[in-house]
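# Mind looking at a prediction? Sequence and model below.
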Amino acid sequence: MYFSKMLIPTLREAPSDADIISAKLMIRAGMIRKVASGLYEFLPLGLRALKKVENIIREEMNAIDGQEVSLPLIFPKELWLETGRWNVYGKELFRLKDRKDAEFCLSPTAEECITDLIRKDIKSYKQLPLMLYQFGRKFRDEIRPRFGVMRSREFVMKDGYSFHADETDLEKYYKRAFEAYTNICERCGFKFRAVEAASGAIGGSFSHEFMVLAETGEEEIAWCSCGYGANTEKAECVTCELESSEKLDAEEILTPGIGTVEDVAKFLKTDPKKFIKTMIYTADGKHVVALVRGDFEINEIKLKSFLACEELDLAAEKTINDLTGAPLGFAGPVNLKEKVKIVADLSVLNIVNAVTGANKKDYHLKNVNINKDFQYDAVADIRKITYGDICPRCKKNKVSFSRGIEIGHIFKLGTKYSKSMNASYLDTNGKENFIVMGCYGIGLTRILAATIEQSHDDNGIIWPDNIAPFEVIIVAVNFVSEKTREVTEKIYKELSSKGIDVLIDDRDERAGIKFKDADLIGIPYRITIGEKNLAEGKVELKARRDDKSAVKLLTPEETINEILKIYGR
RNA sequence: CGGGGAGUAGCGUAAUUGGCUAUCGCGCCUGCUUUGGGAGCAGGAGGCUGCAGGUUCAAGUCCUGUCUCCCCGACCA
């Protein structure tokens, strides 16, 4: 492939609205262009890299008996009503109408469609297990698209769905899928971690996220050297130790205009750990009180999943007034139980002589004790894990935190979709059972961005060997020279015949420009052919990841062999 | 959804209290000279200043509306 014939519009400067390094570099390298907020065009170089990723994923999916299919991008509302997700999915769902006013949505994921497909064609245990997957555009109307292709409104994803006779078989397959995802991450050259995760709008009992470790990641993960790892949305929290002091009698204290835990603690010269923080929520229209220790925070995702509600929001100030009889900042659990459901976090169970709001303007209570001064309806792990927390698995080490980019997410769905959509099969006894499902997603466009976040320098992208748009770039310093041309063509032909993707920079440009562009677009290996070295029968070979000094002077034959060895061809 | 900022050539940008033919760099085209880490000289093409109204002798600049983009916030009682 000749550089001069390809559309690779590199830029010296990134557009001013590009917000992270990977977006800047992808645009500067001529891989993508922005069309509108969260919408991008893929140019030849970008698409080539995307296809490399696609092939790796395809190989791994085929290796776990996946079969590739292609589902529509537009789904009818009816399917989404069956599972209730037409309403649950909310504003993120792109909706549209046809000329007859029938409603549709653009695919953000395809559980409904695939379940509809198999319920029509799977009737017997003999047809199970089965795994179908596809590569496709996905659409999500993000609140705030940003970070280039990392959080865009249209993106490319591989989504796979497996179907099983029972949980045991799903369990077995889930492990294989986990391995396949691990392989994909390794083949893409990622530093990554697979962690337990909350399953969100997809649902199901259990899920793992594959996180590429990067400071710019939007997700936070908690992990321990014992092997435990979880998204902080999901990470379990251990119970706090019981305090042994004697329980005193509750007492009202004046705290004029002081509402936040921090301020009251300072005012009373006590520790936020002695506080029971009272958070009032509205869950699907009903009020709920959540209690948590003063120095901790409520994990709304845990709370939401505990309450099994669809919408959860902090209550409006007026609601707080009506419910507690006091303004924001003075709510407490005492005398609230009759009015509202109270869910206590594990962390409040063992506080003795706690401080809480008094449900009275400018007053707090001290020496409040659970079961003595107030009751609760339920207790659950509903707080956010935080610095200093002990690992919930080994219960020995303190957990560590890292930031990550979620590139893949696999779920044990169980019968969530097969039940609501009535997808069943007959077992060996002729008895009808719901099909047990798993689902496996991975974002291809996000993989590209994540790769660049993890692998770049001041000069540009540094592609890992496996997903580079080209594996080798030949910089012909002076392509007009007969000799240069001859050697270039020879190396090109030899490498191409072995399936190596080679880009020849044949442009009539100065060497400096060619080197800068080669570095910017990040091709892993560069062969430089110049007349001085050629007079000695030599060409240069340099890996993009090495610095300038690591150049090898080799004969064309040696160079070819070296490349073939690197790529194992 | 709330608050703030910004839209000028493919990219990055300038334009004083409203004032002359809308600036400069990169990129692009032509020619000459150069030729191993973003060359030099000369010449050239490219703009409905986001869009629609308004104020004015005069609008990139002021006003109104609208669209788009970016940033921050989205509540820890």
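Nice, I can see it.
# Get me the contact residues on the stretch 401-550 of chain A for RNA strand B.
The stretch 401-550 of chain A has residues A:459, A:477-478, A:510-513, A:515-520, A:528-534, A:540, A:542, A:548 near RNA strand B, with proximity defined as CB under 7 Å from any atom of the strand. All C-beta spots, glycine's among them, are computed from the backbone N, C-alpha and C.
# Just these: which are in helices?
Among those, the members found in helices (DSSP state H) are A:511-513, A:515-520, A:531-534.
# Are any of these buried, and if so which?
Using 16 or more other CB atoms under 10 Å as the burial test, those include A:515-520, A:534 as buried.
# Turn the ones in helices among the residues of the stretch 401-550 of chain A next to RNA strand B into TSV, columns for pLDDT.
TSV is the format used below for these (pLDDT from 0 to 100):
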residue	pLDDT
A:A511	96
A:G512	96
A:I513	97
A:F515	97
A:K516	97
A:D517	97
A:A518	98
A:D519	97
A:L520	97
A:E531	93
A:K532	93
A:N533	95
A:L534	95
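# just to revisit the earlier point, select, from the buried ones among the ones in helices among the residues of the stretch 401-550 of chain A next to RNA strand B, the two members most distant in space.
For these, the farthest-apart pair by CB to CB is A:L520 and A:L534; their separation is 25.5 Å.
# what's across from A:M131 in the sheet?
A:G66, A:S162 (DSSP bridges).
# got a pLDDT number for it?
The score at A:M131 is 98. That number is its pLDDT.
# Next: A:R144.
In the predicted model, A:R144 carries a pLDDT score of 87.
# now A:P469
For A:P469, pLDDT reads 98.
# do the same with A:K548
We have a pLDDT of 82 for A:K548.
# From the contact counts, what lies against the helix or strand hosting A:E186?
Using DSSP states H and E, A:E186 maps to helix A:167-187. If you count contacts as 3 or more CB pairs under 8 Å, 6 or more residues apart in numbering; DSSP states H and E, helix A:167-187 packs onto helix A:44-63, strand A:154-164, strand A:192-197, strand A:206-213, strand A:400-414, strand A:436-443.
# For A:H364, find the nearest of the ones you listed.
The closest of the helices and strands packed on helix A:167-187 to A:H364 is strand A:400-414. By CB to CB, the value is 32.0 Å.
# Just the buried positions in the closest one, please.
Buried, per 16+ other CB under 10 Å, within strand A:400-414: A:402, A:404-414.
# can you check stretch A:255-269 too?
A:255, A:258-259, A:261, A:264-265, A:268.
# Excluding residues flanking it in the chain, which one is nearest A:P15?
With CB to CB, 6 or more residues apart in numbering as the criterion, A:P15 has its nearest non-adjacent residue at 6.2 Å, and that residue is A:I27.
# repeat for A:F147
Using CB to CB, 6+ apart and skipping residues adjacent in sequence, the residue nearest A:F147 is A:I20, 4.9 Å away.
# I'd say the one you found and A:G148 touch.
Yes: here A:I20 reaches A:G148: they are 6.4 Å apart, a contact under CB atoms under 8 Å.
# of those two, who's got more company?
Counted by other CB atoms under 10 Å, A:I20 and A:G148 do not tie: A:G148 has more neighbours, with 28 against 18.
# hang on, that one in a helix?
No: per DSSP: H, G, I helix; E, B strand; the rest coil, A:G148 lies outside any helix segment and is coil.
# What is the burial count for A:W223?
Neighbours around A:W223, by other CB under 10 Å: 20.
# Tell me if I'm right that it and A:R193 touch.
Yes: at 6.4 Å, A:W223 counts as touching A:R193 under the criterion of CB under 8 Å.
# any residues in contact with both of the two?
Residues touching both A:W223 and A:R193 (CB atoms under 8 Å, 6 or more residues apart in numbering) are A:229, A:402.
# Looking at A:D17 now. What's its pLDDT?
For A:D17, pLDDT reads 90.
# cool, A:L312 as well?
The model reports A:L312 with a pLDDT of 83.
# Distance check, it against A:I301.
Counting by CB to CB, to the nearest Å, the gap between A:L312 and A:I301 amounts to 9 Å.
# With A:D457 instead?
To A:I301, A:D457 is 37 Å away according to CB to CB.
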